[in-house]
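> Predicted model follows, preceded by the sequence.
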Protein chains: 2
Amino acid sequence: MDKPKVGRIRERNSQQIIQAAQEEFVLHGFKGTSMQSIADRAGLPKANIHYYFKNKENLYNAVLEDIIEDWNVVLSDMDENSDPKEVLTNFIRNKMQLSYKKPKASKIFAMEIIQGAPHIKEYISKELRIWVKERVQIMQSWIDQGKMRAVDPMHLIFMIWATTQHYADFNTQILEVMNRREYDDEEIERITEFLTTMILNGLDIQ
Amino acid sequence: MDKPKVGRIRERNSQQIIQAAQEEFVLHGFKGTSMQSIADRAGLPKANIHYYFKNKENLYNAVLEDIIEDWNVVLSDMDENSDPKEVLTNFIRNKMQLSYKKPKASKIFAMEIIQGAPHIKEYISKELRIWVKERVQIMQSWIDQGKMRAVDPMHLIFMIWATTQHYADFNTQILEVMNRREYDDEEIERITEFLTTMILNGLDIQ
DNA sequence: GTCTATATTGAGATAGAC
DNA sequence: GTCTATCTCAATATAGAC
């Protein structure tokens, strides 16, 4: 109780603004989103948004950082001695759950990359590239040990990214084609099963 | 030579504008793109763009139609008697080539869907849904004939869409992670092989 | 910390000369 | 058909009262 309330209020308002910003950025992209619309959605005067984040660029970066933080949680532990079946199954399940739980985060990240990743090029060429490199080496050791079929591990990672994120990013198309209003736990479970089986089978892992 | 030159000029200019528009829409999205930037890129005064397309909405729709047209070419013929291996191999190869040749088209389409498909909801819920429905029925008949493993054909289609489009839409991320400047024929061939093998293997098709 | 009022720039769109 | 000049409105951002 020594600390002033201010910090709490700041934290609460920041999060509230970031949430509202996410909703708007998904709908209209970075350039297409107006600070006014974010303010309206957050139920605050526009000037407050500027007070908290100074400008649109900063706010957008805060949104992206928020997303990347979640992302890092998914990255399950693995090493040369791990069981590929277990690791890959978990990886697919976790990414699929993230797509289900936070489709908007996935969408903003996707749009950012589609547009050339102007705000996160550094993150990709540093953190992300290293992360992939490490996993590729481990997967290669699995292949060398005869634990799975010899494929390029990097493209295997891309395949898992692509298939799981697709259900978040393209949910409008998928739901429309499937003639459903939204996903439910059951459907997500079926999709997870499908992806896991296809990929494990594709790698000759029983 | 009876017809006035006008039609030709109109056609040429229209295409030129659509091209320039594509480049801009990829970079900044629909709302984020300005008519001025399109005009500058096309080397024409802004008023001309309005003369040809009346407004931004119309121009954007023209760009989308252009993209969907290309898309339809990929849809290979297939029926109950087709060989799944051949059809799927061709499908993957054609979609992968399209991703390679026209990544910007794929990206604009992706952004449109990510943002909720406000301009093409009808196309999706009509043409596209029907197209998927037909293919699903055919694939189901393959399964009933024992030609491939029993999976949900709809998700198989989504998987092929997701994996092939990923290389176009996320090329910035992929190239950065791979530490390459661009794809080449060879790399695309390797990816096509990888995807084809993974998917056919996943379906127990030899 | 909060909000109203406003400065300033850039947007989509069009009128009208050529 | 083409382009300059211009209208109108909405955008980001900030000043300054509370």
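Nice, thanks for sending it over. These numbers come from a predicted model, not from an experiment.
> distance of A:Glu80 from A:Glu134?
Going from A:Glu80 to A:Glu134 by Cβ to Cβ, to the nearest Å gives 11 Å. No exception for glycine: its C-beta is placed from N, CA and C like everyone else's.
> What of A:Gln165?
With Cβ to Cβ as the criterion, A:Gln165 and A:Glu134 are 21 Å apart.
> quick one, which of those two is more surrounded?
Per other Cβ atoms under 10 Å in any protein chain shown, whichever of A:Gln165 and A:Glu134 has more neighbours is A:Gln165, with 23 against 13.
> The most centrally placed residue in chain A: helix or strand, and which one exactly?
Nearest to the mean C-alpha position of chain A, counting by Cα atoms, centre = their mean, stands A:Ser106 at 4.2 Å. Element membership for A:Ser106 (DSSP states H and E) is helix A:103-114.
> That helix versus helix B:103-114: what angle between them?
Helix A:103-114 runs at 160 degrees relative to helix B:103-114, counting by axes from the mean of the first three to the mean of the last three Cα atoms, to 10 degrees.
> which residues of chain A fall in helices?
Ranges of helices in chain A, per DSSP state H, are A:5-32, A:35-42, A:46-53, A:56-74, A:84-101, A:103-114, A:121-123, A:129-144, A:153-169, A:171-178, A:185-202.
> hmm, who's touching the shortest one?
Contacts to helix A:121-123, defined as Cβ atoms under 8 Å, 6 or more residues apart in numbering or on different chains, come from residues A:Ile68, B:Thr172, B:Glu176.
> List the contacts of the closest residue to A:Pro118 other than its chain neighbours.
Spatially, and ignoring its direct neighbours in sequence, A:Pro118 is nearest to A:Glu112 (7.6 Å; Cβ to Cβ, 6 or more residues apart in numbering or on different chains). A:Glu112 makes contacts with A:Phe30, A:Leu64, A:Pro118, A:His119, A:Ile120, as judged by Cβ under 8 Å, 6+ apart.
> From A:Ala117, how far off is A:Arg149?
A:Arg149 is 32 Å from A:Ala117, by Cβ to Cβ.
> And for A:Pro103?
For A:Pro103 relative to A:Ala117 (Cβ to Cβ), the value is 20 Å.
> do A:Gln140 as well
27 Å.
> A:Lys54 too?
Distance from A:Lys54 to A:Ala117, by Cβ to Cβ: 22 Å.
> Would you reformat the helices of chain A as JSON lines and include distance to B:Phe25?
Below are the helices of chain A laid out as JSON lines (distance: least, Cβ to Cβ, whole Å):
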{"stretch": "helix A:5-32", "distance to B:Phe25": "10"}
{"stretch": "helix A:35-42", "distance to B:Phe25": "20"}
{"stretch": "helix A:46-53", "distance to B:Phe25": "27"}
{"stretch": "helix A:56-74", "distance to B:Phe25": "19"}
{"stretch": "helix A:84-101", "distance to B:Phe25": "25"}
{"stretch": "helix A:103-114", "distance to B:Phe25": "11"}
{"stretch": "helix A:121-123", "distance to B:Phe25": "21"}
{"stretch": "helix A:129-144", "distance to B:Phe25": "28"}
{"stretch": "helix A:153-169", "distance to B:Phe25": "17"}
{"stretch": "helix A:171-178", "distance to B:Phe25": "18"}
{"stretch": "helix A:185-202", "distance to B:Phe25": "31"}
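> so which of the ones you listed gets nearest B:Lys95?
Of all the helices of chain A, helix A:153-169 sits nearest to B:Lys95, with 12.3 Å by Cβ to Cβ.
> just the CA coordinates of that closest one, formatted as CSV?
What follows is helix A:153-169, C-alpha atoms only, in CSV (Å, rounded to 0.1, in the frame of the first residue of the first chain):
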residue,chain,number,x,y,z
PRO,A,153,13.0,-29.6,-40.1
MET,A,154,12.7,-25.9,-40.9
HIS,A,155,9.8,-26.6,-43.3
LEU,A,156,8.3,-28.9,-40.8
ILE,A,157,8.1,-25.9,-38.4
PHE,A,158,6.7,-23.7,-41.1
MET,A,159,4.1,-26.4,-41.8
ILE,A,160,3.0,-26.4,-38.1
TRP,A,161,2.9,-22.7,-38.0
ALA,A,162,0.9,-22.4,-41.2
THR,A,163,-1.7,-25.0,-40.4
THR,A,164,-2.4,-23.9,-36.9
GLN,A,165,-2.4,-20.2,-37.5
HIS,A,166,-4.6,-20.7,-40.5
TYR,A,167,-7.6,-21.5,-38.3
ALA,A,168,-7.2,-18.2,-36.5
ASP,A,169,-6.2,-15.9,-39.3
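> This completes my enquiry, with thanks.
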